[in-house]
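Student: starting from these lines, generate the structure:
(3 chains)
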Amino acid sequence: MGVGGFFTSKLDEAIGWARKYSIFQYPFVTACCGMEYMATACSHYDIDRFGAGLPRFSPRQADVLFVVGTISHKMAPVLKRIYDQMTEPKWVVAFGVCTCTGGFYDNYATVMGIDTIIPVDIYIPGCPPRPESVIDGLMKLQDKITAQVQRY
Amino acid sequence: MAQTTRREFMLGEGSGTGGGPQNLHVGVGPAHPAMHGIIRIVTELDGETLVKADVEIGYLHRAFEKDCEQGGWNNAIPFTDRLNYVSPLINNFGYASAVEKLLDIDVTERCKYIRVIMSEISRICDHLTCVGASAMELGAFTVFLYMIKAREFLWELVEDVTGARLTISYGRVGGVKADLPEGFADKTLHAFKQTREVLDEVHRLLTGNRIFMDRMVGVGALSREETVGYAITGPLLRAVGVPYDVRRAQPYYVYDRLEFEIPTQKDGDNYSRYLVRMAEMEQSMRIAEQALAAIPSGPINVDFEGRPIDPAAYVDRGKQGKTEGLLLIPITLSPNLQGQQRAAYGRVNVEDKRVVLPPKETAYGSIEGLMNHFMLIMEGYGIRPPAGEAYFPVEGANGELGFYVVSDGSDRPYRVRCRPPCLPPLAALHRMIVGEMVADMIPTFGSVNMIGGELDR
Amino acid sequence: MAILDELRRRFGDAIVETDEHRGDLTAVVARDALLAVLAHCRHEAALAFDVLMDLTAVDYQKFPGREDGPRFEVVYHLYSIARNHRLRLKVRVDEDDAHVPTAMTLWPIANWLEREVWDMFGVRFDGHPDLRRLLLYEEFVGHPLRKDYPINRRQPLIGPAS
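Tutor: All right, here's what the predicted structure looks like:
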């Protein structure tokens, strides 16, 4: 590895470090998990400590799509469109078991996991996940952001 | 229709092109930044005034009613949690009571009190979330933080009792999952004290706040006739001055023995709804405090020498097969989530072999108990209400929450129908927002407290 | 019971069946008389059912002993705020003739509730101005709460089918 390679990998690290602490999330809240999302975002659990305190309610200004709650077949095209509207770099967190696999809603109305529609980076299981596991998932996402090759 | 220029299309009436009025069609939702729920409102705007609105729901349809038909009668309880996920306890009890009505069983006194206390705690959580979220949408973020803080105090109580914060699955046909834990009354009173402080603060922040009042007073009003015609119940009905409350009109559990007021307002606008909700939280705390003071503890089980029975040792003996003499003692233990580590009060759940699992020591200790357990658990057996139907209403946080259950005599519900208290206000939403400004849609939508799980089921 | 007696006296044969079970009053009404009975319940001062609490349906296709009878039962739950009493009205319809008159003129809430029944059961409401699906999407084929609709037959708009 030459000087150039050394330089890029250090730059990657620096950018990754910066990105992991400025997560602007788009909470795509549909169902029950939203209540735990509120609890996580508010003062008791305070995800601001992890640099993810500011939800952006516009997909174009967000880096991380939090899909919070059951996605029905009626809602699926909306989710896809919002994902497409987000600008790179972007990550997706599946919040709650309904978004991971469909959960116990194995029926005609529910999408069996959002990864059948959009790519997912982090899965947080639980029905709904406790704030502690949400924070754990968020930290895993931060690790992933730092470790990956940065596109800029 | 005359050809319109692009500018005219974008700006509508008054854009200066002389093309006459042009209404603008705007789709709001289903994922809208200022709405905490997924519905779509297709609006037609004249300038900034809404002239037409078509509300579309169903984005969270999860086939609740179909799912309930798949498993046993108790298996529907986790699905009821996720109807109104802000106050799941009330749903649990409403459903359980409907099935109990079908079976014609009366739950025990202690269980009724537990259900009342937990329902009221749930109701406070619901109102806290509703007021907090709709205040946040008007920019009062502090209120939201305070309200969620208060809700966290109450959720800690719920977690103590049920083991979960949100999706608690605590109700059972014939009773509840577990008894109240030790020291619950003191913790509750402490949490209520903290909640009252928060409510005081919120009152000071909002009730006389100029901005808040400008956005809420006179906005989103619905007349008394229309409110009744649209079958709206709960805080929205009480905000137009009709003091209808299932807890008072057709008392269930022990509500007829507890003192409480039904707060009403006259105007039926968003501000009245806010005031009703704030007053109801205080009343709920009052009910829960009275119930905590009056809850019967029941006898503590004692053995032949008059010492309190240590349930753990009792179960251990049963497991080892030393059942001799065990069944002579009338068994009334009911475990709570702390396990069987303390002397328990008289049973919380009804002693009805058709619906309630036998205590563990009986299941381990006697063949009858084992058979009983088997008959309730095995596929094809389980709870089997007689063929028939029943409708049981309870007062949910948003209004009358009714469960209509139909049984064909088998171990699975033939049909479970939930009468969602959220649906009528949403059906009338277009009547509340048409003729007002676009921005007024947000507080009105906040004040109807739409809960997706219950609305779309 | 007084309510059921009164209905029987007034409508005679149009009240097919009455029943009081666990305190719930139920009357099964012939379809032709449904609108008249509903209007009577709504406007008669002694009944004054000003709230249509719920409107739903039940599919009796697989109910033991009723497989051959009329398939659907449309169920109205009425409540009166002034009198504080309740009544359940039911009307039976066959599958190939599944339509009942709309109650929208009496209670505006019937609009959405009837749309839901159409969506879930495929029972039509005559005179309803806007009988669209309420919960599902227009592309959906079939009526999921019918007993012969398999619970996991998915009809996705995008993405894989299973």
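Student: in the sheet, which residues pair with the most centrally placed residue in chain A? Tell me.
Tutor: When chain A is reduced to its mean C-alpha position, the nearest residue by Cα atoms, centre = their mean turns out to be A:V93, at 2.8 Å. Per DSSP bridges, the residues bridged to A:V93 are A:F66, A:I122.
Student: quick one: contacts for B:N84?
Tutor: Residues in contact with B:N84 (Cβ atoms under 8 Å, 6 or more residues apart in numbering or on different chains) are B:I90, B:N91, B:D126, B:G396, B:A397, B:N398, B:L401, B:P421, B:C422, B:I451, B:G453, B:E454. C-betas here are computed from N, CA, C, even on glycine.
Student: name the SS class of it, please.
Tutor: Three-state assignment for B:N84 (DSSP: H, G, I helix; E, B strand; the rest coil): coil.
Student: now it: closest residue in space that isn't a chain neighbour?
Tutor: By the measure of Cβ to Cβ, 6 or more residues apart in numbering or on different chains, the closest residue to B:N84 outside its immediate chain neighbours is B:E454, 4.3 Å from it.
Student: residues in chain A within reach of chain C, list them.
Tutor: Contact residues (Cβ under 8 Å from any Cβ of the partner chain) of chain A with chain C: A:73-74, A:76-77, A:80, A:106-109, A:111-112, A:116-117.
Student: can you give me how far the helix or strand encompassing B:L426 is from the chain middle?
Tutor: Under the criterion DSSP states H and E, the helix or strand holding B:L426 is helix B:423-427. In terms of Cα atoms, centre = their mean, to the nearest Å, the centre of helix B:423-427 is set 17 Å apart from its chain centre.
Student: so what does it touch, helix or strand wise?
Tutor: helix B:452-456, helix C:110-121 (3 or more Cβ pairs under 8 Å, 6 or more residues apart in numbering or on different chains; DSSP states H and E).
Student: so for the shortest one, mean pLDDT?
Tutor: It refers to helix B:452-456. Confidence over helix B:452-456 (mean pLDDT, whole number) is 86.
Student: tell me what it is packed against?
Tutor: Secondary structure elements in contact with helix B:452-456, counted by 3+ Cβ pairs under 8 Å, 6+ apart, are helix B:423-427.
Student: so after the helix it packs on, what's the next helix or strand?
Tutor: Using DSSP H and E, the next helix or strand after helix B:423-427 towards the C-terminus is helix B:429-433.
Student: which residues sit against that next one?
Tutor: Residues from elsewhere that reach helix B:429-433 (Cβ under 8 Å, 6+ apart): B:41, B:50, B:52-55, B:220-222, B:226, B:230, B:440-441, B:444-445, B:448.
Student: quick one: is stretch B:405-413 near chain C?
Tutor: Yes - in this structure, stretch B:405-413 sits against chain C according to Cβ under 8 Å from any Cβ; the contacting residues are B:V406, B:D408, B:G409, B:S410.
Student: please point out which parts of that stretch sit buried.
Tutor: In terms of neighbour count (16 or more other Cβ atoms under 10 Å in any protein chain shown), stretch B:405-413 has its buried residues at B:V405, B:V406, B:S407, B:D408, B:S410, B:D411, B:R412, B:P413.
Student: tabulate the residues of stretch B:405-413 next to chain C (JSON lines), appending distance to B:L237.
Tutor: Putting the residues of stretch B:405-413 next to chain C into JSON lines (distance: Cβ to Cβ, whole Å) gives the following:
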{"residue": "B:V406", "distance to B:L237": "28"}
{"residue": "B:D408", "distance to B:L237": "35"}
{"residue": "B:G409", "distance to B:L237": "37"}
{"residue": "B:S410", "distance to B:L237": "38"}
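Student: what's the closest of those residues to C:Q61?
Tutor: Proximity to C:Q61 was ranked across these by Cβ to Cβ; first place goes to B:D408, at 11.4 Å.
Student: who's in contact with the closest one?
Tutor: With contact set as Cβ under 8 Å, 6+ apart, B:D408 has these partners: B:A387, B:Y414, C:F63, C:P64.
Student: tell me, how many residues neighbour C:A2?
Tutor: As a burial measure, C:A2 scores 10 neighbours (other Cβ atoms under 10 Å in any protein chain shown).
Student: how near is B:V246 to chain C?
Tutor: Between B:V246 and chain C the distance is 10 Å, computed by Cβ to the nearest Cβ, to the nearest Å.
Student: now do B:C111
Tutor: Using Cβ to the nearest Cβ, one gets 19 Å for the distance from B:C111 to chain C.
Student: which SS class is that residue?
Tutor: Per three-state DSSP, the secondary structure class of B:C111 is helix.
Student: next, the contact list for the residue lying closest to C:L106 once chain neighbours are set aside, please.
Tutor: The shortest distance from C:L106 to any residue that is not its chain neighbour, by Cβ to Cβ, 6+ apart, is 4.8 Å, and that residue is C:R42. By Cβ under 8 Å, 6+ apart, the contact list for C:R42 reads C:A48, C:F49, C:D50, C:L106, C:W107.
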